[in-house]
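> just coords:
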């Protein structure tokens, strides 16, 4: 059942009062899609019933839940910050030093969602790769809808505010109406493709760095194991694997070794380490 | 720890105040750049950061940022513009004048916190 004008305006007023965010006309679908899971969780069959319930007897926390559901679903740029610091300070220098004469770096963003991760990686490489080097980022996701969004490289103001340093915004984005679009300088280095991590992976050349962040958490142990096994085959011996901070290879794949830095960690292949040591 | 919220809208000051308070700061408010400078002239404590609107009566945010950057005593203060002004050229102007960050309204509270974390003003939040 679609929301009526009174219900939509009640939600808009609430969100505006609590977060200063204005939900314009046409955002009814957003309200519906974000509040429906809350309604179901509360044992109600529709958003209309959920709103009526919240209006009739305001429960502490309910309004906060509504506001959060409508405002906190965007992915951040440079999410968690520290992995990108590690990429900048350790991974890029190590990889460029280990391959003297090498000139191209391959990165895989394996669950790229709406694109903030691959574009954040591109900004790091654009700023920190030595002049003679180029890079290619392969960005994949299960959702074709997300891939279309990511490839367009167009982001709302709300999305832009999430963790993107202002100097980066000025350098790598162009204003397009009320939105912003990633500049061709970054986009020309990124390809997008649909990949289901839970099934066979496409045969592509191996990568120097793989970002597989905040995706293993959705799978059971056996699937996690088989995903890591397949991903491992696409990682170069001296390559680096990034997982989400709540994820680990521990107990899943003994071929990886965890490299802990100041505030974060990444994974390297033990065999790659020994090959380097004996070289 | 002290923070400043400088905006001519009382409602916006309340929203920004709430964010700063949740991050553990005491908050001083001002309705424009002139009021803010008057406060800073007599305040013993230099605020850790200020959230600054652009368009305000008497003294706008850009002039406030310029004035703060010219004052040695206020060197440690981090300045973040929080404004509806969203043209690329304006962001460039604000950064050139000495603003450290720029948030365009509308924003979520997380956006302010994340940018303060990027600038090292508050600790990096836990993984989402």
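Structure received. Everything numeric here is computed off the predicted structure, so don't read it as measured data. Residues are numbered from 1 along each chain as shown, chains lettered A, B, ... in the order given.
> ok, what's across the strand from the most centrally placed residue in chain B?
The geometric centre of chain B, computed from its C-alpha atoms, lies nearest to residue B:51 (Cα atoms, centre = their mean), at 1.6 Å. Counting by DSSP bridges, residue B:51 is bridged to residue B:5, residue B:80.
> that one touches residue B:3, doesn't it?
Yes. Between residue B:51 and residue B:3 there is a contact at 7.4 Å, judged by Cβ atoms under 8 Å. In this view, the C-beta of every residue, glycine as well, is placed from N, C-alpha and C.
> what residues are shared contacts of the two?
residue B:20 (Cβ atoms under 8 Å, 6 or more residues apart in numbering or on different chains).
> tell me, how many residues neighbour residue 34?
Going with chain A. By other Cβ atoms under 10 Å in any protein chain shown, 19 other residues sit near residue A:34.
> nope, chain B
17.
> which residues of chain B lie near chain A?
B:11-12, B:15, B:86-88, B:91-92, B:94-95, B:99, B:101-111, B:114-115, B:117-118, B:124, B:127-128 (Cβ under 8 Å from any Cβ of the partner chain).
> do that again at 6 Å, thanks
Applying Cβ under 6 Å from any Cβ of the partner chain, one finds that chain B approaches chain A through B:15, B:88, B:91-92, B:101-104, B:106-108, B:111, B:114, B:124, B:127.
> from these, which ones fall inside helices?
B:15, B:88, B:91-92, B:111, B:114 (DSSP state H).
> in those, find the pair that's most separated.
B:15 and B:92 (26.4 Å; Cβ to Cβ).
> the more surrounded of these two?
Set residue B:15 next to residue B:92 and count neighbours by other Cβ under 10 Å: residue B:15 wins out with 23 against 15.
> helices and strands of chain B: which one bottoms out on pLDDT?
The weakest-scoring helix or strand in chain B, judged by mean pLDDT, DSSP states H and E, is helix B:109-118 (a mean of 89).
> now do that helix: which elements does it pack against?
Packed against helix B:109-118, as judged by 3 or more Cβ pairs under 6 Å, 6 or more residues apart in numbering or on different chains; DSSP states H and E, are no other helices or strands.
> what's it in contact with?
Outside helix B:109-118, the residues that touch it by Cβ atoms under 6 Å, 6 or more residues apart in numbering or on different chains are A:161-163, B:19, B:101, B:103, B:122, B:124.
> could you rerun that using 8 Å?
Contacts for helix B:109-118 (Cβ under 8 Å, 6+ apart): A:19, A:72, A:76, A:78, A:81, A:158, A:161-163, A:165, B:16, B:18-19, B:22-23, B:49, B:51, B:78, B:80, B:82, B:101, B:103, B:122-125.
> which parts of stretch A:191-202 are buried?
A:192, A:195, A:197, A:201 (16 or more other Cβ atoms under 10 Å in any protein chain shown).
> check for me that residue A:240 belongs to a strand.
Yes. Residue A:240 forms part of a strand when assessed by DSSP: H, G, I helix; E, B strand; the rest coil.
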